[in-house]
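In: Predicted coordinates and the sequence they were generated for:
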Amino acid sequence: MDESAWIEASKNGDVQAFNRLVIAYQQAAYGLAYRMLRDEHAAADATQDSFLAAYTRIHQFRGSSFKAWLLRIVLNQVYDQLRAARRHPTESLDTVGDDEDAPVLQLANGGPTPEQVVLSREVMACIESGLQILSPDQRATVILCDVQGMSYEEAAMATGTNVGTVKSRLNRGRMALRGYLSEHVELLPASLRHYFERAEVAPGETTTLATDG
Amino acid sequence: MGLNFFRRDRNRGHEQLRESLSQYVDGRLSAGERAAVESHLLQCQECNRELQALRATRQMLQSLPPVRLPRSFTLEAIPAAVPKPRGFYWLRAATGLAAAAFVVLLALPTVLPSAGGSSAIRQPAAVASQAAASEGVGSPKAQTFGQGAGGAESATGAQRSLAPAAAAQPPAAAQSQPNQATSEGGAPAPLAAASASTVHDRAAAPTAAAPAAAGPVAPNSTQALAQPAPSQAAVASPATEVRSRAEPAPQGAAVPMARSAAGDQTSASGVPGRPSLFLLLQGLAGGLALLLGVATGAIWWRHRR
């Protein structure tokens, strides 16, 4: 996969070369858009608009990470949609937990890697719902770093910020999600349940995790 | 109070450390920071629990399967995604300029009588000969067709239609043919078709002053082609009408044709080389406009898909 050759050809107007980039990254692009928006149509629109924008702006891309550059375009589209949804609150972009039966998530081919665990449908839905309680910035950072495996630097490029901001948002986002999971501990796999059960808290001693914004 | 003070202080320390836990699990702490965290973890059960919860959260996030793609997002499904090639707008502007130049060159002799060149000087004699013979209008028509109508067909058609009529007008036919030959080399332009249509309108319906919009070439030219024999006779009388109307009319098409025809008439017998630089310029501008227009259209059509 010679990505740089495809990028160069795309700069010369080769649509077929660009489409190979689309095929390589559409999963990441749509996945990010869907987890941010929780609406198939909105996410598909955002993804298609993002690839169109990327094609017309491909001459602006120089070196570095194409994935991060592309996902930055996706996030801009997503934020536009979120702003529009806030102006028209009747749009159901914020519905949470409505996909317990929806076959939106597909099982990975060939089993989990050593870092992964097999998740039941319920716990998947729980995590996806948990992501929705995060602020959009925290949610984007957690998706980029933890779900998609980006480094801090790549995530900084994709969010248009710096590494320090990524660290802070990632930390707060993870903590907020951890708090959410503690409230739904019964859904978690047995091997992990233990970590989320709240320890006895002595009076006067508070844990401030769940209140982190 | 003292004990709580220490507890609050410890909480603050815990909080700071917990903010580092995230980077700790990502392996992004410096050696010194990592050592500090690890030594604290050895002593603090609570922070240990937090570390485990953080690790589990991260692991579950990493275990999320990919979202199902509803469809492919490749751009071949979106035809409008192809960007226009560079220089496209330049090409269209150049086409417009060439076409405008053509129109200006047509109109100039009307606006500036002196710009007609030698043909204007000979106009009085040409007018007299026009009144006498219909060839004065027949040849401009032929010239117009040679310059304006599409391709060889109408040119030869004009030649054919003129042939019977030219039996009575050998000088007209003789001079129209070389004109057609030279102007056939210049490919017809849409605006030249307008001049063909205007001449046709004058010939067929002297009362109508048709606008110089680029109308369809074929009907006008074929109609005019079909009518040369009768209209030439009919034109003999309105020849003066044509001449007088052509003067004030906004489209200067018939006028420069008539004038240059007159100029050609006299020059055919005398100096053959001088017709006007103006005709040449018109032909060039028209040809250029047509070539650019065809090129623009070809590029646009090819990239539409």
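Out: Received the coordinates, thanks.

In: Skipping its backbone neighbours, what lies nearest A:A44 in space?
Out: Of all residues not flanking A:A44 in the chain, B:P70 sits nearest, at 5.5 Å (CB to CB, 6 or more residues apart in numbering or on different chains). Every C-beta, even on glycine, is put in place using the N, C-alpha and C of the backbone.

In: I figured that neighbour hits A:T47, correct?
Out: No. Using CB atoms under 8 Å, B:P70 is not in contact with A:T47, being 9.1 Å away.

In: And those two? Which one has more around it.
Out: A:T47 (26 against 14; other CB atoms under 10 Å in any protein chain shown).

In: wait, that one sits on A:Q26?
Out: Yes. Between A:T47 and A:Q26 there is a contact under CB under 8 Å: 6.8 Å.

In: what is in contact with these two at once?
Out: Residues touching both A:T47 and A:Q26 by CB atoms under 8 Å, 6 or more residues apart in numbering or on different chains: B:F73.

In: that older thread, any shared contact partners between B:P70 and A:T47?
Out: A:Y30.

In: and the closest residue to B:L105 other than its chain neighbours, what pLDDT?
Out: Of all residues not flanking B:L105 in the chain, B:Q282 sits nearest, at 4.8 Å (CB to CB, 6+ apart). pLDDT recorded at B:Q282 is 81.

In: B:Q282 and A:T159: what is the separation?
Out: Taking CB to CB, to the nearest Å as the measure, B:Q282 falls 62 Å from A:T159.

In: Pick out whichever of these two has more residues nearby.
Out: B:Q282 (28 against 20).

In: Name the residues of the helix or strand hosting the more buried one that come out as buried.
Out: Element membership for B:Q282 (DSSP states H and E) is helix B:277-304. Under the neighbour-count criterion of 16 or more other CB atoms under 10 Å in any protein chain shown, helix B:277-304 has B:278-279, B:281-283, B:285-290, B:292-293, B:296, B:299 buried.

In: The nearest residue to B:T74 once chain neighbours are set aside: neighbour count?
Out: Using CB to CB, 6+ apart and skipping residues adjacent in sequence, the residue nearest B:T74 is A:N19, 4.1 Å away. Counted with other CB under 10 Å, the neighbours of A:N19 add up to 22.

In: got it, and A:G63?
Out: The burial count assigned to A:G63 is 8, neighbours taken as other CB under 10 Å.

In: Mind checking what secondary structure it has?
Out: Under the three-state scheme (DSSP: H, G, I helix; E, B strand; the rest coil), A:G63 adopts coil.

In: Give me the distance between it and B:A99.
Out: 45 Å.

In: again with A:A140
Out: Separation of A:A140 from B:A99 (CB to CB): 53 Å.

In: Roughly how far does B:M60 sit from chain A?
Out: Distance of B:M60 to chain A, computed by CB to the nearest CB, to the nearest Å: 6 Å.

In: Distance of that residue relative to A:V118?
Out: In this view, B:M60 and A:V118 are 11 Å apart by CB to CB.

In: next one: B:S22
Out: From B:S22 across to A:V118, the span is 25 Å (CB to CB).

In: neighbour count winner among these two?
Out: For B:S22 and A:V118, the more surrounded residue by other CB under 10 Å is B:S22, and the numbers stand at 22 against 12.

In: In terms of helices and strands, where is the more buried one?
Out: Following DSSP H and E, one finds B:S22 within helix B:2-26.

In: follow-up on the earlier one: test my guess that the residue nearest to B:T74 contacts B:F73.
Out: No. Judged on CB under 8 Å, A:N19 makes no contact with B:F73 at a distance of 9.0 Å.

In: mind listing the strands in chain A by residue range?
Out: In chain A, no segments count as strands under DSSP state E.

In: Centre-most residue in it?
Out: By CA atoms, centre = their mean, chain A has its centre lying nearest to A:I143, at 2.9 Å.

In: got a pLDDT number for that one?
Out: pLDDT at A:I143 comes out at 97.

In: same question, the one 3 residues further on
Out: Per-residue confidence at A:D146 stands at 97 (pLDDT).

In: In contact with it, which residues?
Out: Residues in contact with A:D146 (CB under 8 Å, 6+ apart) are A:L170, A:R174, B:R58, B:L61, B:Q62.

In: For it, which non-adjacent residue is closest in space?
Out: Using CB to CB, 6+ apart, the closest residue to A:D146 is B:L61 (3.8 Å).

In: so what's the residue nearest to the centre of chain A up against?
Out: Counting by CB under 8 Å, 6+ apart, A:I143 touches A:G31, A:L32, A:R35, A:M36, A:L131.

In: Without its sequence neighbours, what residue ends up closest to the third one?
Out: Spelled out, it's A:R35. A:I143 (5.3 Å).

In: What sits closest to A:L134 if chain neighbours are left out?
Out: Spatial nearest neighbour of A:L134, chain neighbours left out: A:G173 (5.0 Å); criterion: CB to CB, 6+ apart.

In: wait, what's in contact with that neighbour?
Out: Applying CB under 8 Å, 6+ apart to A:G173 gives the contacts A:L134, A:S135, A:Q138, A:R139, A:T141, A:V142.

In: Run a quick neighbour tally on the fifth one.
Out: Translated: A:T141. Residues lying near A:T141 (other CB under 10 Å) number 29.

In: got it, and the fourth one?
Out: Number of residues near A:R139 (other CB under 10 Å) recorded here: 22.

In: Same question for the third one.
Out: When counting by other CB under 10 Å, one arrives at 23 neighbours for A:Q138.

In: From chain B, how far off is it?
Out: For A:Q138, the distance to chain B - CB to the nearest CB - is 12 Å.

In: what residues are up against that residue?
Out: Residues near A:Q138 by CB under 8 Å, 6+ apart: A:R169, A:L170, A:R172, A:G173, A:A176.

In: can you check the fifth one too?
Out: For A:T141, the contacting residues are A:A155, A:T159, A:V166, A:R169, A:L170, A:G173, by CB under 8 Å, 6+ apart.

In: so B:L61 makes contact with A:V142?
Out: Yes. Between B:L61 and A:V142 there is a contact at 6.7 Å, judged by CB under 8 Å.

In: Give me the more crowded residue out of those two.
Out: Neighbours per residue, other CB under 10 Å: of B:L61 and A:V142, the larger number sits with A:V142, 27 against 22.

In: Please name the nearest non-neighbouring residue to that one.
Out: Nearest to A:V142 is A:G173, by CB to CB, 6+ apart, at 4.1 Å.

In: Name the residues of the least confident helix or strand in chain A by mean pLDDT that come out as buried.
Out: For chain A, the helix or strand with the lowest mean confidence is helix A:190-196, at a mean of 79 (criterion: mean pLDDT, DSSP states H and E). Of the residues in helix A:190-196, A:L192, A:Y195, A:F196 count as buried by neighbour count, 16+ other CB under 10 Å.

In: ok, B:L21 - contacts?
Out: A:N171, B:V37, B:C47, B:E50, B:L51, B:L54.

In: Now with 10 Å, please.
Out: B:L21 makes contact with A:N171, A:R174, A:M175, B:L29, B:V37, B:L41, B:C47, B:E50, B:L51, B:A53, B:L54, B:R55 under the criterion CB atoms under 10 Å, 6 or more residues apart in numbering or on different chains.

In: any chance of those in JSON lines, plus distance to B:Q16?
Out: Output for these, formatted as JSON lines (distance: CB to CB, whole Å):
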{"residue": "A:N171", "distance to B:Q16": "11"}
{"residue": "A:R174", "distance to B:Q16": "16"}
{"residue": "A:M175", "distance to B:Q16": "13"}
{"residue": "B:L29", "distance to B:Q16": "13"}
{"residue": "B:V37", "distance to B:Q16": "10"}
{"residue": "B:L41", "distance to B:Q16": "14"}
{"residue": "B:C47", "distance to B:Q16": "11"}
{"residue": "B:E50", "distance to B:Q16": "13"}
{"residue": "B:L51", "distance to B:Q16": "14"}
{"residue": "B:A53", "distance to B:Q16": "18"}
{"residue": "B:L54", "distance to B:Q16": "15"}
{"residue": "B:R55", "distance to B:Q16": "19"}
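
In: Now for those: which two are most distant?
Out: Taking CB to CB, the two most distant members of these are B:L29 and B:A53; they sit 18.6 Å apart.
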